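Student: Sequence plus the predicted model coming up.
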Amino acid sequence: MSLPLSRRAFVGGSAGLAASCASAREVRAVSSAGRKPVMVGSENALPGMQAQFEHLLAGGAPLDAAIEVCKVAEADPKDTSVGLGGTPNEDGVVQLDAACMDGRIHKSGAVAAIEDILHPIEVARIVLERTDHCQIFGADAYRFARAHGFPHTELLTEESRAVWMKWKEGLSDQDDRLGPPPAPPKSAPPSKDTKTSFVPARFERHGTIHCSVLALDGNVACATSTSGLAFKIPGRVGDSAIVGAGLYCDGEAGSAGSTGRGEASILACASAMIVEQLRNGRAPKDAGMEILRRIVRETERQALWQPALIGPDGRPSFDIQFYIVALDGSFAGVTLKGKTHARFAVSEPDGGPRLEALEALLT
Ligand code: ASP
């Protein structure tokens, strides 16, 4: 689904006619204006990019591509950071955040803390296209989605429920939850501390999908979707639903989005700040590194109220990534530390869909 205007603008172009006459790759990989389409996003965007890149080469709309990429991860129960099978909040309920933005018309749509809807990114698109608003949150977002015909879908899989219960049982040795009995050790003597013996060493609490797209006609769009921070406080809204933080694009400058600690992205207005630097002529990598340096400085002050934000090495204890594309087709994937994610997905005519190494600020 796309805005009628977007379809008209696209189909009406002479390149659109050419695409129907010959192979998309031959005819459309670089436009007459010398532009090439580019998709950049989180590592889990690769399967969606592989499915979408041919459409983009054929002149597809960037918002369509960004949303379709997110939908692949939303429907995949094995991706526990997004949509179906996403890790739930502390009550065991999967609450999703999603947003999209169309740089050509400078309009966004978002839903946050939405439950029981398989494709929150499609609901975000309805907010973009069929309301005068930018965001709808919580139970009202669910009702809005149902009113637009989205089916009710249980998103908690047996696997994500089991992970949540394991987390709950390992929270404290002062409560009444005992957890499953430990498996008898093969050689070592039995542990005396039966409670802490099933506290999981570490849960991966982060994960999101982002996709930024530069289309052949020079338009940009982006989309982000997530189940958010695992075991979050119910109702917590992360950066993925906040335009300017977890994603932002501007048809005059470029597009950016993030994964990782959402609070850092929100407090830095990160994606908007990156796009603003693109507007001022900075290269994508330099723009991303500048915001990462700013986040490091901000974290030093934030440690006044949350000391755990600084690790024993004196550096931020969390990680965050940015995926950036400029209107000239240059792109970058940058990360604070490269510990949680080391790679990003990119698709452009010269190399096709692939993973590349994120460039880390702190190595
Ligand atoms: N940025 C997401 C959030 O804070 C989570 C993540 O990407 O890890 O909700």
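Tutor: Received, thanks.

Student: Please report phi then psi for residue 136.
Tutor: In terms of degrees, to the nearest 10, the main-chain angles of residue 136 are phi -140, psi 130.

Student: Return the residues in contact with it.
Tutor: Shown in contact with residue 136 (Cβ atoms under 8 Å, 6 or more residues apart in numbering): 110, 111, 123, 127, 144. The way it works is simple: take the backbone N, C-alpha and C, and place the C-beta from them, glycine included.

Student: can you do 7 Å?
Tutor: Contact partners of residue 136, counting by Cβ atoms under 7 Å, 6 or more residues apart in numbering, are 111, 127, 144.

Student: Kindly indicate which of these lies nearest the ligand.
Tutor: Nearest to the ligand, judged by Cβ to the nearest ligand atom, of these is residue 111 at 13.3 Å.

Student: Going by secondary structure, the closest one is in what exactly?
Tutor: strand 107-114 (DSSP states H and E).

Student: Counting residues, which helix of this structure comes out longest?
Tutor: helix 284-302 (DSSP state H).

Student: Determine whether any part of the following helix or strand past that helix lies close to the ligand.
Tutor: Counting by DSSP H and E, the element after helix 284-302 in chain order, helix or strand, is strand 320-326. No - using Cβ under 6 Å from any ligand atom, strand 320-326 never reaches the ligand; the gap is at least 7.9 Å.

Student: just stretch 62-76 next, same as before
Tutor: No - Stretch 62-76 lies apart from the ligand when judged by Cβ under 6 Å from any ligand atom; the minimum separation is 11.9 Å.

Student: Name the nearest residue to residue 91, ignoring sequence neighbours.
Tutor: Nearest in space to residue 91, with sequence neighbours left out and distances taken as Cβ to Cβ, 6 or more residues apart in numbering, is residue 234 at 5.3 Å.

Student: Quick check: residue 244 touching residue 269?
Tutor: Yes - contact criterion Cβ atoms under 7 Å: residue 244 and residue 269 qualify, at 5.2 Å.

Student: Output stretch 175-184 as PDB - backbone C-alpha positions only.
Tutor: Output of stretch 175-184 as PDB, limited to C-alpha atoms (Å, rounded to 0.1, in the frame of the first residue of the first chain):
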ATOM      1  CA  ASP A 175      11.000 -14.600  46.700                       C
ATOM      2  CA  ASP A 176       9.000 -17.800  46.600                       C
ATOM      3  CA  ARG A 177       9.700 -18.900  43.100                       C
ATOM      4  CA  LEU A 178      12.000 -22.000  43.000                       C
ATOM      5  CA  GLY A 179      12.300 -22.700  39.300                       C
ATOM      6  CA  PRO A 180      12.900 -26.100  37.800                       C
ATOM      7  CA  PRO A 181      15.200 -28.400  39.700                       C
ATOM      8  CA  PRO A 182      18.700 -28.200  38.500                       C
ATOM      9  CA  ALA A 183      19.800 -31.000  36.200                       C
ATOM     10  CA  PRO A 184      22.000 -33.500  38.100                       C
END
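
Student: List the buried residues of that stretch.
Tutor: Judged by neighbour count using 16 or more other Cβ atoms under 10 Å, stretch 175-184 contains no buried positions.

Student: Quick check: closest non-adjacent residue to residue 95.
Tutor: Looking at residue 95 with Cβ to Cβ, 6+ apart, the closest residue is residue 113, at 4.6 Å.
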